[in-house]
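In: Everything below, folded, please.
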Amino acid sequence: MLKYIIRRTLVAIPVIFLMVLVTFVLVQAMPGGPFDNVGTKAMPEQMRLLLERRYGLDKPLYEQFFQYTWNLLRGDFGPMLRQPGRTVNDIIADTFPVSIQLGMMSVLLGFVLGIPLGIIAALFHNTVIDYTATFLAVIGVSVPSLVLGPVLIYTFGVKYQILPIAFWGAKPPFFLGIFPPLTKDFFLHAIMPVFTLGTGMAAGIARLTRAGLLEVLSSDYIRTARAKGLRERTVIVVHALKNSLIPVATILGPLLAGAVTGSFITEQIFAINGMGRRFVNSISEREYFLQTSLVLLYGILLVFGNLLVDIIYAWLDPRIRYD
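Out: You can find the predicted model right below:
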């Protein structure tokens, strides 16, 4: 397994490099630039040229890319073009812990709700319980966070005033920069955003779990286990459940990466200072270095997530070997 992990890591390096190269070229190919205007007024031409020279944007594109790559190797993601005195490292340090908390908690909620719901639906196949669980899963997939978030805010934040509405992630002292202190205030701020983002994941996971378990329950080795007189709980938990979770494990990597970096709508609704919100804003502001750096982080998370999926495969199915 260790050799496989090292091999996958080495293969991922040129993939990530190519992804950074393509992103760097495409973001600078977009019309306009970061210094075309400030607010509603057009920036004077002389000042724009001075700023482009200051940040090296007047150099040929290949020189800019090599300089950016060299800075990356030294841990420097580049400057913020529209925020003098701040760097992309500062933005990532502010937003990454919040986004990864939101993403990991949402994915955890999706699995905690989705897997039991899918198991119950499969065990009571073609019954009222199955139809109800399937209906709830369809509702969860169909209702977007753009609708669910405001409904939760109005119900629990405005009408009943049970939960705080916004401003989660106000930079408490995180452990290792990621894990926050588990205080009551933290959980109260996290409930609505996590539920908004996690219910859609739970619905998709429930449908995959139901389909996978139904397929496994019709297998020959399950009939053999039942014929040997094993208890139904042992048949389900020991023999059927692990194999049925392989399709669910497949989506873990992309799901985690997408939840961390693609939760723009949820972050916008609840005024969360996260990476997704910054990434979308950076497109309109032409923050070249911020866009490229966030895509780089997304690629790294995706590679790590897929590697984690392969490791989980080997745990779920002992027949899978990578060495």
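In: Quick check, central residue of the protein?
Out: Centroid check for the chain by C-alpha atoms, centre = their mean gives residue 259 as the closest residue, at 2.3 Å.
In: And it, how far from residue 207?
Out: Distance, residue 259 to residue 207, by C-beta to C-beta, to the nearest Å: 18 Å. No exception for glycine: its C-beta is placed from N, CA and C like everyone else's.
In: ok, now residue 238?
Out: Counting by C-beta to C-beta, the gap from residue 238 to residue 207 is 24 Å.
In: cool, and residue 59?
Out: Relative to residue 207, and taking C-beta to C-beta, residue 59 is found at 51 Å.
In: Of these two, which one has the most company?
Out: The neighbour count for residue 59 versus residue 207, taken as other C-beta atoms under 10 Å, is higher for residue 207 (21 against 14).
In: Confirm that that one sits in a helix.
Out: Yes - counting by DSSP: H, G, I helix; E, B strand; the rest coil, residue 207 is part of a helix.
In: Leaving out sequence neighbours, find the closest residue to it.
Out: Spatial nearest neighbour of residue 207, chain neighbours left out: residue 137 (5.2 Å); criterion: C-beta to C-beta, 6 or more residues apart in numbering.
In: and the one you found, how many neighbours?
Out: By the measure other C-beta under 10 Å, the count of residues near residue 137 is 25.
In: Please list all residues in contact with it.
Out: Neighbour list for residue 137: 117-118, 121, 203-204, 206-207, 210 [criterion: C-beta atoms under 8 Å, 6 or more residues apart in numbering].
In: what about the closest residue in space to residue 76 that isn't next to it in sequence, distance to residue 104?
Out: Leaving out its chain neighbours, the residue that sits closest to residue 76 by C-beta to C-beta, 6+ apart is residue 89, at 6.8 Å. Residue 89 is 22 Å from residue 104, where distance means C-beta to C-beta.
In: Then residue 28?
Out: 33 Å.
In: One more: residue 52?
Out: Relative to residue 104, residue 52 is positioned 39 Å away (C-beta to C-beta).
In: for this structure, which spans come out with low pLDDT?
Out: Across the chain, the ranges flagged by pLDDT under 70 are 1, 37-41, 169-182, 261-262, 318-323.
In: Tell me the buried residues in the longest helix along the chain?
Out: Longest helix in the chain, counting residues (DSSP state H): helix 88-123. Residues of helix 88-123 classed as buried by neighbour count (16 or more other C-beta atoms under 10 Å): 88, 91-92, 94-107, 109-111, 113-115, 117-123.
In: what does stretch 13-26 give?
Out: By 16+ other C-beta under 10 Å, the buried positions in stretch 13-26 come out as 19-20, 23-24.
In: Which stretches in the stretch 1-150 of the chain count as strands?
Out: With DSSP state E, counting those that start in this stretch applied, the stretch 1-150 of the chain shows strands at 37-38, 41-42, listed in chain order.
In: what's the distance between residue 289 and residue 267?
Out: Counting by C-beta to C-beta, the separation of residue 289 from residue 267 is 21 Å.
In: Now for residue 168: which residues touch it?
Out: By C-beta under 8 Å, 6+ apart, the contact set of residue 168 is 98, 186, 189-190, 193, 270, 272.
In: Distance of it relative to residue 102?
Out: Distance, residue 168 to residue 102, using C-beta to C-beta: 8 Å.
In: Compute the number of surrounding residues for residue 234.
Out: Other residues within reach of residue 234, judged by other C-beta under 10 Å, total 12.
In: Residue 162 too?
Out: 11.
In: show me what contacts it?
Out: residue 156.
In: before we move on, what SS does it have?
Out: Under three-state DSSP, residue 162 comes out as coil.
In: So what does it have for phi and psi?
Out: Torsion angles at residue 162 (phi, psi; degrees, to the nearest 10) stand at phi -90, psi -40.
In: Whichever of the contacts of residue 168 end up buried, select them in ChimeraX.
Out: Burial among the contacts of residue 168 is assessed by 16+ other C-beta under 10 Å; the matching ChimeraX selection reads:
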select :98,189,190,193,270,272
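In: Which of the contacts of residue 168 lies at the shortest distance from residue 301?
Out: Nearest to residue 301 among the contacts of residue 168 is residue 98, at 14.8 Å by C-beta to C-beta.
In: Distance check, residue 233 against residue 226.
Out: For residue 233 relative to residue 226 (C-beta to C-beta), the value is 12 Å.
In: Those two - which one has more neighbours?
Out: Each of residue 233 and residue 226 has its neighbours counted (other C-beta under 10 Å); residue 226 has more, 15 against 8.
In: can you count the residues close to residue 62?
Out: Residues lying near residue 62 (other C-beta under 10 Å) number 9.
In: From residue 190, how far out is residue 199?
Out: For residue 199, the distance to residue 190 - C-beta to C-beta - is 14 Å.
In: Over to residue 279?
Out: Computed with C-beta to C-beta, the distance linking residue 279 and residue 190 is 21 Å.
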